[in-house]
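Undergrad: Got a predicted structure here, sequence first:
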Amino acid sequence: MKKVIFDVDTGIDDAMAIAYAVNSPELDIIGLTTCYGNVAVDEATRNTLAVLEKLGRNIPVFAGADKPLNRNPREGFAKHVHGEDGLGNVLDFEPQTSAKSEYAVDYIIEQVKKLPHEVTIIAVGPLTNLALAVQKAPEIVELVSDVVIMGGAVFVPGNVTPHAEANIFTDPEAAEVVFASGLPITLVGLDVTMQTLLPRQNVDAWRNAGSEVGEFFANMVGFYHDFYECANPGIGGCGLHDPLAVGVAIDPSLVKTKYIGVGVITEGEEDGRTVPLSEEEEPKINVCTEVDAPRFLEHFLKRMPAGQ
Ligand code: RIB
Ligand code: CA
């Protein structure tokens, strides 16, 4: 089993990724850390606690950064994609549990030092928490087992601008710090996640399976599907961005990668763009360029609530 710290900005695909991760025997999610991004950090924390309660899992949650390293959060966050509450406007209860008091950044540092070479970090929101951890304790770079990041669009267009993917666009400076840190990174960007779309009929099956948690997820993902259909008519599904990062942490053979340096543009019209660097540039990271989408989708669906 891989010990995992899961860094999230819980919106809808984060919620699906949490369900997939906690239902995967290969992963031992020792803690979740939250960040602003799709919603404000207190909403991301509430959503993470609520999703874990829905799933009947009691895993510690630690609240993290409430804004980018050197910028203000995006106006309105990404509520047009994930809903006012960040969960497709289906959240109808306050979680009974609370986040732990330790700051997420300190939790990451403490756990990586306590469990040298054992902790995998899966990061599926803006990279602010991870950047702050590396800046505060650079020695953790050599102690992390591996890092799987959902973010970037290295050889394909962006999703929040023609050039930039949302997680990187939200905090480009944090991404720059993380990509230049020497951490053992696998970057799961739009290069592969836009090939892993979830068809609406699979979500309807969750609703029809008769479980309360299946209905919760079906209703939540319905909002996300509506956004994708509206923004890209005929696209045929919604992006399984964050779940694919979990899939790659479970089974790296799902993707093919290029080992290259990645830079981040931090100003101007291409602000937030992730660019491939030349052969000599270091450090390099594993950039996902191909994915076995059917095999991933089947693996994901089997482990979702009311999975078939
Ligand atoms: O671009 C997609 C990413 O941005 C996903 O992580 C989604 O949850 C949002 O955070
Ligand atoms: Ca996310």
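TA: Yep, it's here. Ligands and ions are numbered 1, 2, ... in the order given.
Undergrad: wait, what's in contact with the residue nearest the centre of the chain?
TA: Centroid-nearest residue in the chain: residue 124, 1.7 Å away (criterion: Cα atoms, centre = their mean). Listed by Cβ atoms under 8 Å, 6 or more residues apart in numbering, the contact partners of residue 124 are 6-9, 13-14, 17, 149-151, 167, 241-242, 245. (C-beta placed from N, C-alpha, C; glycine too.)
Undergrad: and if you look at residue 32?
TA: 5-8, 18, 48, 52, 59-62.
Undergrad: PyMOL command to pick out the buried ones of those?
TA: Selecting the buried subset of the contacts of residue 32 in PyMOL, with 16 or more other Cβ atoms under 10 Å as the burial test, is done by:
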select buried, resi 5+6+7+8+18+48+52+59+61+62
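Undergrad: Looking at the contacts of residue 32, which is nearest residue 223?
TA: residue 18 (16.8 Å; Cβ to Cβ).
Undergrad: Would you list the phi and psi of residue 291?
TA: Note on residue 291: its backbone torsions stand at phi -140, psi 140 [degrees, to the nearest 10].
Undergrad: And the residue of the stretch 51-200 of the chain that's closest to ligand 1?
TA: The minimum distance from the stretch 51-200 of the chain to ligand 1, using Cβ to the nearest ligand atom, falls at residue 166 (3.5 Å).
Undergrad: tell me, how many neighbours does residue 76 end up with?
TA: Applying other Cβ atoms under 10 Å, we find 9 residues neighbouring residue 76.
Undergrad: how close does it get to ligand 2?
TA: 16 Å (Cβ to the ion, to the nearest Å).
Undergrad: ok, residue 77 - contacts?
TA: Neighbouring residues of residue 77 by Cβ under 8 Å, 6+ apart: 36-40, 86.
Undergrad: restrict those to those near ligand 1?
TA: 37-38 (Cβ under 6 Å from any ligand atom).
Undergrad: mind listing which of the contacts of residue 77 are in helices?
TA: Among the contacts of residue 77, no member is found in helices (DSSP state H).
Undergrad: In CSV: the contacts of residue 77, plus pLDDT.
TA: Compiled in CSV, the contacts of residue 77 are given as follows (pLDDT from 0 to 100):
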residue, pLDDT
36, 97
37, 96
38, 96
39, 96
40, 96
86, 97
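Undergrad: Please name the residues that touch the nearest residue to the residue of the stretch 51-200 of the chain closest to ligand 1 once chain neighbours are set aside.
TA: Excluding the flanking residues, the one nearest residue 166 by Cβ to Cβ, 6 or more residues apart in numbering is residue 160, at 4.8 Å. Residues in contact with residue 160, defined by Cβ under 8 Å, 6+ apart, are 166, 169, 272.
Undergrad: Tabulate those residues in TSV, adding columns for pLDDT and secondary structure.
TA: Output for the contacts of residue 160, formatted as TSV (pLDDT from 0 to 100; DSSP: H, G, I helix; E, B strand; the rest coil):
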residue	pLDDT	secondary structure
166	97	helix
169	96	helix
272	97	coil
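Undergrad: Format those as CSV; extra columns: neighbour count.
TA: Shown next, in CSV, are the contacts of residue 160 (neighbours: other Cβ atoms under 10 Å):
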residue, neighbour count
166, 26
169, 24
272, 25
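Undergrad: Relative to ligand 2, which of the residues you listed is nearest.
TA: residue 166 (7.7 Å; Cβ to the ion).
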